[in-house]
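1. Fold the following, please.
(2 chains)
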Protein chains: 2
Amino acid sequence: MAAKHRTVFFISDQTAITSEVMGQSLLTQFDGIEFRRTTLPFINNMEKAVAAREQINRCFREQGERPIIFCTFTDPEIRRIVETSDSICFDFFDTFISPLEQALETSSSHAMGRTHGMVDPNSYHCRINTVNFALFNDDGASLKQYPRADIILIGVSRSGKTPTCLYLALQFGINAANYPLTEDDLGSPSLPRALKPFKEKLFGLTISPEHLQRIREERRPASRYASLLQCRSEVDMLEELYFREKIPFLNTTTVSIEEIATTILQETGLHRRLF
Amino acid sequence: MAAKHRTVFFISDQTAITSEVMGQSLLTQFDGIEFRRTTLPFINNMEKAVAAREQINRCFREQGERPIIFCTFTDPEIRRIVETSDSICFDFFDTFISPLEQALETSSSHAMGRTHGMVDPNSYHCRINTVNFALFNDDGASLKQYPRADIILIGVSRSGKTPTCLYLALQFGINAANYPLTEDDLGSPSLPRALKPFKEKLFGLTISPEHLQRIREERRPASRYASLLQCRSEVDMLEELYFREKIPFLNTTTVSIEEIATTILQETGLHRRLF
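-> Numbering: from 1, shown residues only, chains lettered A, B, ... in the order given. Predicted coordinates:
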């Protein structure tokens, strides 16, 4: 049986990232439908809104089925234009803003361009600095900034440290360093000297040896580094070290980067500095 | 006058990132209130839901005002427990899932752990690969992979190329390289040789000389590199080059990384590969 198709638009006067995140979360709850997604960001004046409506209506005429619209408009005039298209329209802002006004006993500002904008220039600055921190302190490249680190991820090569650090930096505004544990480190009865003074900042990643093997195999095919024997031995020693040193750790084998990052915050008590 | 305070919880059986993004977007519409935010991710069984309810109720007793809850629960049993707390509760899923079921003429799966999970192992893989691509091709470090690049960002040093490339990689699954234009490049009557074969992949960033000066000043105080004269001269030559070579470009001075990334997608016609 051929999959059903449905066209979905994410529309906003801003980046439409909120519509995408929220809409996509909802769509994952529907199996068996193939969604064709179009994002229309920066629909911030009447002219663009009219053009968006035409695009939606064209879609309806071609496909005979009303497209689904997920949108976040702050300006009711612009929203009205999009709403009058041949579509089924869900506005995430409109639905919640007035109950929220009631709950907070105040009116909203209906200001455009707020959510991911430069509301707070410090947040742009914070993010650039944390990204630079993650890059400078990637893969044990430098140890000098560890006193400034919020967290230091450890693990064997290819266990997901780098993308997790970058995610923590970009999305959460956290100073995350990472240090690769080599075979020598793992064979030693104590923590690497560089890490000892920062033990309370350490968080371990581990991974199933089979999964590690597949990742390493792609990088250096048929090498000792990628052999299952080697991966098993490293992971065994690694987990032994985490238990021995009482370092909190997480198995990343079936976990997304968002889940790794969120779990780290939860277990360490760190708070995100960016929203 | 002291700012009003209000406690906000973001709660989910998953990472709660969707609740955070959506809730935060709504909160930016309310000025003059200082929100105290707490995220409770992975509330995925009754026991954790009861503990969350107790935490919310404690908050209410201490502050005398019902906390605002933004949540996305797929399991109605768990949601019911949280909803019965002393709070004002907005469930983003519950609100939209049944109108969406109607629109799509099918039932939702009510499955937990979908939105940012490992639904598609390819998306994890895609992301790791695009992050590696961005790191490997950062700052003109390598030119060999340009044939595989989806986009090559160009601009002067410190104009925001690296964080934008990492954002495109991590959030959108796009292979983004970046190449810094030096004074020599800018003084030349033609594009750098390495870039010529990839002209259609180039996208320029520019920035106000004053802003550039402030960023560079932090990095190398009182240097020629950070002088306003130098920044002005580089930016002038840079924009001249964009016009001359007809390279699309964006001024990043007052723009967030999300806005830069979204604008790049819009102007180039690239599509995000990750949601």
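
2. So chain A: which segments form each domain?
-> Chain A breaks down by automatic domain parsing into domains covering A:4-104, A:121-268.

3. can you put those domains in a markdown table and add mean neighbour count and distance to residue B:64?
-> All C-beta spots, glycine's among them, are computed from the backbone N, C-alpha and C. Written out in a markdown table, the entries for those read as follows (neighbours: other CB atoms under 10 Å in any protein chain shown; distance: least, CB to CB, whole Å):
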| stretch | mean neighbour count | distance to residue B:64 |
| --- | --- | --- |
| domain A:4-104 | 19 | 15 |
| domain A:121-268 | 18 | 28 |
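
4. can those domains go into TSV with extra columns for mean pLDDT and distance to residue B:126?
-> Conversion of the domains of chain A to TSV gives the following (pLDDT from 0 to 100; distance: least, CB to CB, whole Å):
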stretch	mean pLDDT	distance to residue B:126
domain A:4-104	94	15
domain A:121-268	93	11
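
5. Switch the ones you listed over to TSV; also include distance to chain B.
-> Rendered in TSV, the data for those read as follows (distance: least, CB to the nearest CB, whole Å):
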stretch	distance to chain B
domain A:4-104	4
domain A:121-268	4
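
6. can I get the ones you listed in TSV with distance to residue B:89?
-> Putting these into TSV (distance: least, CB to CB, whole Å) gives the following:
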stretch	distance to residue B:89
domain A:4-104	10
domain A:121-268	21
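
7. Quick one: closest of those domains to residue B:25.
-> domain A:4-104 (4.5 Å; CB to CB).

8. rewinding a little: for the domains of chain A, which one sits closest to residue B:261?
-> Across the domains of chain A, residue B:261 has its closest neighbour in domain A:4-104 (7.9 Å, CB to CB).

9. Off-centre distance for the closest one?
-> 22 Å (CA atoms, centre = their mean, to the nearest Å).

10. Now do the end-to-end distance for that domain.
-> Chord length of domain A:4-104, first to last residue, is 42 Å (CA to CA, to the nearest Å).

11. can you check stretch A:252-262 too?
-> Stretch A:252-262 stretches 12 Å from its first residue to its last (CA to CA).

12. any residues touching it, and which ones?
-> Defining contact as CB atoms under 8 Å, 6 or more residues apart in numbering or on different chains, one finds that stretch A:252-262 is touched by A:159-160, A:163-164, A:167-168, A:171-172, A:205-208, A:211, A:250, A:263, B:14-17, B:39, B:41-42, B:116-118, B:123-124, B:127, B:170.

13. In helices, which of the residues you listed fall?
-> Secondary-structure check on the contacts of stretch A:252-262 using DSSP state H: residues within helices are A:163-164, A:167-168, A:171-172, A:211, A:263, B:17, B:123-124, B:127, B:170.

14. Which of the residues you listed lies at the shortest distance from residue A:110?
-> Taking CB to CB as the measure, residue B:17 is the one of these closest to residue A:110, at 25.6 Å.

15. Distance check, that closest one against residue A:156.
-> With the distance defined as CB to CB, to the nearest Å, residue B:17 ends up 27 Å from residue A:156.

16. how about the strands in the stretch 151-275 of chain A?
-> Listed from the start of the chain, the stretch 151-275 of chain A has strands (DSSP state E, counting those that start in this stretch) covering A:151-155, A:176-180, A:202-206, A:249-251.

17. Next one: residue A:162 relative to residue B:44, how far apart?
-> 28 Å.

18. which residue packs closest to residue A:84, ignoring adjacent ones?
-> Ranked by CB to CB, 6 or more residues apart in numbering or on different chains and with sequence neighbours excluded, the top spatial neighbour of residue A:84 is residue A:53, at 6.8 Å.

19. and that neighbour, what does it touch?
-> Residues counted as contacts of residue A:53 (CB under 8 Å, 6+ apart) are A:81, A:82, A:84, A:85.

20. next one: phi and psi at the closest residue to residue A:230 other than its chain neighbours?
-> Nearest non-adjacent residue to residue A:230, counting by CB to CB, 6+ apart: residue A:224, 5.6 Å away. With angles defined as degrees, to the nearest 10, residue A:224 shows backbone torsions of phi -60, psi -40.

21. how much space is there between residue A:224 and residue A:96?
-> Here the distance between residue A:224 and residue A:96 works out to 56 Å (CB to CB).

22. Next: residue A:79.
-> Between residue A:79 and residue A:96 the computed distance is 14 Å (CB to CB).

23. Check residue A:177 too.
-> In this view, residue A:177 and residue A:96 are 38 Å apart by CB to CB.

24. With residue A:216 instead?
-> Summarising the geometry, the distance separating residue A:216 from residue A:96, computed by CB to CB, is 46 Å.

25. do residue A:157 as well
-> With the distance defined as CB to CB, residue A:157 ends up 45 Å from residue A:96.

26. what does residue A:244 give?
-> Relative to residue A:96, residue A:244 is positioned 49 Å away (criterion: CB to CB).

27. can I assume residue A:146 is in contact with residue A:201?
-> Yes - taking CB atoms under 8 Å as the contact criterion, residue A:146 and residue A:201 are neighbours in contact, 7.4 Å apart.

28. Touching both of those two, which residues are there?
-> Residues touching both residue A:146 and residue A:201 comprise residue A:152, with contact defined as CB under 8 Å, 6+ apart.

29. before we move on, the earlier item: want to throw the ones in helices among the contacts of stretch A:252-262 into JSON lines with distance to residue B:268?
-> Written out in JSON lines, the entries for these read as follows (distance: CB to CB, whole Å):
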{"residue": "A:163", "distance to residue B:268": "24"}
{"residue": "A:164", "distance to residue B:268": "28"}
{"residue": "A:167", "distance to residue B:268": "24"}
{"residue": "A:168", "distance to residue B:268": "28"}
{"residue": "A:171", "distance to residue B:268": "23"}
{"residue": "A:172", "distance to residue B:268": "28"}
{"residue": "A:211", "distance to residue B:268": "34"}
{"residue": "A:263", "distance to residue B:268": "35"}
{"residue": "B:17", "distance to residue B:268": "27"}
{"residue": "B:123", "distance to residue B:268": "21"}
{"residue": "B:124", "distance to residue B:268": "25"}
{"residue": "B:127", "distance to residue B:268": "20"}
{"residue": "B:170", "distance to residue B:268": "18"}
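
30. quick check, nearest of these to residue B:137?
-> Looking at the ones in helices among the contacts of stretch A:252-262 and their distance to residue B:137, the nearest is residue B:170, at 14.6 Å (CB to CB).
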